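> show me how the following folds:
(chains A, B, C and D)
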Protein chains: 2
Amino acid sequence: MLESIQSINKSRKDIIVEEAATLIMEKGYVATTMRDLAGRVGIEAASLYNHIKSKEQILGEICFSLANKFTTEMAIIEVSNETSIEKIKKLIKLHVNVNTESASLASVMNDEWRHLSEPELSSFLALRESYENKFLIILNEGIINHEFRAMDSKITLYSMLSSIRWLQHWYTNEREMSIENIQENLIKLLLQGITI
Amino acid sequence: MLESIQSINKSRKDIIVEEAATLIMEKGYVATTMRDLAGRVGIEAASLYNHIKSKEQILGEICFSLANKFTTEMAIIEVSNETSIEKIKKLIKLHVNVNTESASLASVMNDEWRHLSEPELSSFLALRESYENKFLIILNEGIINHEFRAMDSKITLYSMLSSIRWLQHWYTNEREMSIENIQENLIKLLLQGITI
DNA sequence: CCTACCGATCGGTAGG
DNA sequence: CCTACCGATCGGTAGG
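Modelled structure (predicted):
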């Protein structure tokens, strides 16, 4: 009984990590203090350490939870029997979803990963590199298929990932546009460009 | 005589600001200490204050020097009698140039401006908003001209700016591609997309 | 979960 | 440009 209630409700630790993500998005990791975080949660700074081991552990949990999500989703798209265009559309939608629905997590992972220390730093970079390689393979297959034009796929990869990233900061303030509408706009922009 | 030599050579202050930009790009503004910076310059931390007033003054000089450059270049493009497509191409080239040739300045301005305090913070944001508005007007004119397709120009604006920004981090390490080649690739990607 | 506290380090100053 | 130093604040611990 108690367990089922606890699994439905957020644990204190979940709340701490969630508030930390918001705070780190706003001020940056180094400028965010444990006293700031404690204030948001409504306890004293020393009490945080009953739920978490260190400031860096929080950063690690945020980075890896999202990195793992991307890895999982990529694995599904990778083995699907779809055209390269369809795979890229799904990846664009995935990135739009994460950067809007989980804006604070995405912001922390993208902007603050360098403050991880070893061995977490290397693990994280390995996950990221593996993800980017799989993305690159999809783009290259599309070129061979003649679904995409000849292009430097590395430039395209980084531009695509980067072009969706600003949603982190924008969508937090301006929410009048639906996620579906944003997805459509970005898919058209990246697949067809802006000219007629 | 002495003056002309000093105006040709970099002043100590120029060196300090330059090293600061590199260091802040690597570690972030808050994590960069005056002792780090002094070490790079080859003096003691206290000696920095003979050339600069505060840590934040350095941040301000970097942000505003680059913001002013963008403002100046935009003013030239704005009044030119060119097609919307040509104006956008020139803006893409401008952003590619800044993000490669002045990668550390661009990195600091884009990622660390929020650590400015008032009144510099508001001044900076005003410059940025003015720049973005002029960029937006060019996109909207292109839509009215039928040079560009109907689209959400705000999404396009931020995606374009964001998509060029990753060059800051990439070009520092991988320089085998010429700037002209990068410009061409990005212009094609943003104007025509990736499909055939 | 709190009070009380610690060693380390920060940006910056005084004085030469 | 350096030595010597300062008040503030940091992440984190001891003990209850």
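> DNA strand C contacts on chain A?
Proximity of chain A to DNA strand C (Cβ under 7 Å from any atom of the strand) is limited to residues A:12, A:38, A:43-47, A:50-51. All C-beta atoms are positioned from the backbone trio N, CA, C, and that covers glycine.
> what about 6 Å?
Residues of chain A lying close to DNA strand C (Cβ under 6 Å from any atom of the strand) are A:12, A:43-44, A:46-47, A:50.
> what's the closest of the residues you listed to residue A:130?
residue A:12 (33.4 Å; Cβ to Cβ).
> go ahead and confirm the closest one touches residue A:48.
No. Taking contacts as Cβ atoms under 8 Å, residue A:12 lies outside contact range of residue A:48: 9.5 Å.
> which one's more surrounded, these two?
Between residue A:12 and residue A:48, residue A:48 has the larger neighbour count (other Cβ atoms under 10 Å in any protein chain shown), namely 22 against 15.
> any figure for the gap between residue A:105 and DNA strand D?
According to Cβ to the nearest atom of the strand, to the nearest Å, residue A:105 and DNA strand D sit 19 Å apart.
> related to what we said a few turns ago, overlap in contacts, residue A:12 and residue A:48.
Common contact partners of residue A:12 and residue A:48 (Cβ atoms under 8 Å, 6 or more residues apart in numbering or on different chains): residue A:41.
> on that earlier part again, nearest to residue A:66 among the residues of chain A next to DNA strand C?
Looking across the residues of chain A next to DNA strand C and measuring by Cβ to Cβ, the closest to residue A:66 is residue A:12, at 21.2 Å.
> excluding chain neighbours, what is closest to that closest one?
Nearest residue to residue A:12, sequence neighbours excluded (Cβ to Cβ, 6 or more residues apart in numbering or on different chains): residue A:51, at 5.4 Å.
> now the one you found: phi and psi?
Here is the backbone geometry of residue A:51 (degrees, to the nearest 10): phi -120, psi -30.
> cool, residue A:195 as well?
Given degrees, to the nearest 10, the pair of backbone angles that residue A:195 has is phi -80, psi 160.
> spatially nearest residue to it (excluding sequence neighbours)?
Per Cβ to Cβ, 6+ apart, closest to residue A:195 is residue B:191, 5.0 Å.
> contacts for the host helix or strand of residue A:95, please.
Using DSSP states H and E, residue A:95 maps to helix A:84-101. Applying Cβ under 8 Å, 6+ apart, the contact partners of helix A:84-101 are A:66, A:69-70, A:73-74, A:77, A:80, A:82, A:105-106, A:135, A:138-139, A:141-142, A:145, A:147-148, A:160-161, A:164-165, A:167-168, A:171, A:179, A:182-183, A:186-187, A:190-191, B:194-195.
> so what's the gap between it and the chain middle?
11 Å (Cα atoms, centre = their mean, to the nearest Å).
> that one - what's its average pLDDT?
Averaging pLDDT along helix A:84-101 yields 97.
> restrict that helix to CA atoms and write it as CSV.
The C-alpha trace of helix A:84-101 is given here as CSV (Å, rounded to 0.1, in the frame of the first residue of the first chain):
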residue,chain,number,x,y,z
SER,A,84,15.9,7.5,-44.6
ILE,A,85,13.6,10.4,-44.9
GLU,A,86,11.2,8.8,-42.5
LYS,A,87,14.0,8.0,-40.0
ILE,A,88,15.2,11.6,-40.1
LYS,A,89,11.6,12.9,-39.6
LYS,A,90,11.3,10.7,-36.5
LEU,A,91,14.6,11.9,-35.1
ILE,A,92,13.6,15.6,-35.7
LYS,A,93,10.3,14.9,-33.8
LEU,A,94,12.2,13.1,-31.0
HIS,A,95,14.5,16.1,-30.6
VAL,A,96,11.6,18.6,-30.7
ASN,A,97,9.7,16.6,-28.0
VAL,A,98,12.7,16.4,-25.7
ASN,A,99,13.6,20.0,-26.1
THR,A,100,10.1,21.2,-25.3
GLU,A,101,8.7,18.7,-22.9
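> what about the helices in chain A?
Along chain A, counting by DSSP state H, helices occupy A:2-8, A:12-27, A:34-41, A:55-79, A:84-101, A:103-112, A:120-144, A:153-165, A:167-173, A:179-192.
> lowest average pLDDT across those helices?
helix A:2-8 (a mean of 49).
> against residue B:132, how distant is the residue nearest to residue A:195?
Distance of residue B:191 to residue B:132, given as Cβ to Cβ, to the nearest Å: 20 Å.
> again with residue A:96
Applying Cβ to Cβ, the value for residue A:96 to residue B:132 is 21 Å.
> those two: who's more crowded?
Comparing residue A:96 with residue B:132 by other Cβ under 10 Å, the one with more neighbours is residue A:96, at 21 against 15.
> wait, doesn't residue A:23 sit right on residue A:36?
Yes. With contact defined as Cβ under 8 Å, residue A:23 counts as touching residue A:36 (5.8 Å).
> out of these two, which sits in the more crowded spot?
residue A:23 (22 against 17).
> please name the nearest non-neighbouring residue to that one.
Distances taken as Cβ to Cβ, 6+ apart put residue A:32 closest to residue A:23, at 4.9 Å, once the chain neighbours are dropped.
> enumerate every residue touching the residue nearest to residue A:195.
By Cβ under 8 Å, 6+ apart, residue B:191 lies in contact with A:193-195, B:85, B:88-89.
> still on that earlier bit, count of residues packed around the residue nearest to residue A:12?
Neighbours of residue A:51 (other Cβ under 10 Å): 16.
> hang on, it packs against residue A:16?
Yes. In this structure, residue A:51 is within contact of residue A:16 by Cβ under 8 Å, at 5.6 Å.
> what does chain A put close to DNA strand D?
Counting by Cβ under 6 Å from any atom of the strand, chain A sits next to DNA strand D at A:33-35, A:45-46, A:49, A:54-56.
> now render those residues as a markdown table, adding distance to chain B.
Shown next, in a markdown table, are the residues of chain A next to DNA strand D (distance: Cβ to the nearest Cβ, whole Å):
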| residue | distance to chain B |
| --- | --- |
| A:33 | 11 |
| A:34 | 15 |
| A:35 | 15 |
| A:45 | 18 |
| A:46 | 23 |
| A:49 | 22 |
| A:54 | 16 |
| A:55 | 13 |
| A:56 | 13 |
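> great, nothing more from me.
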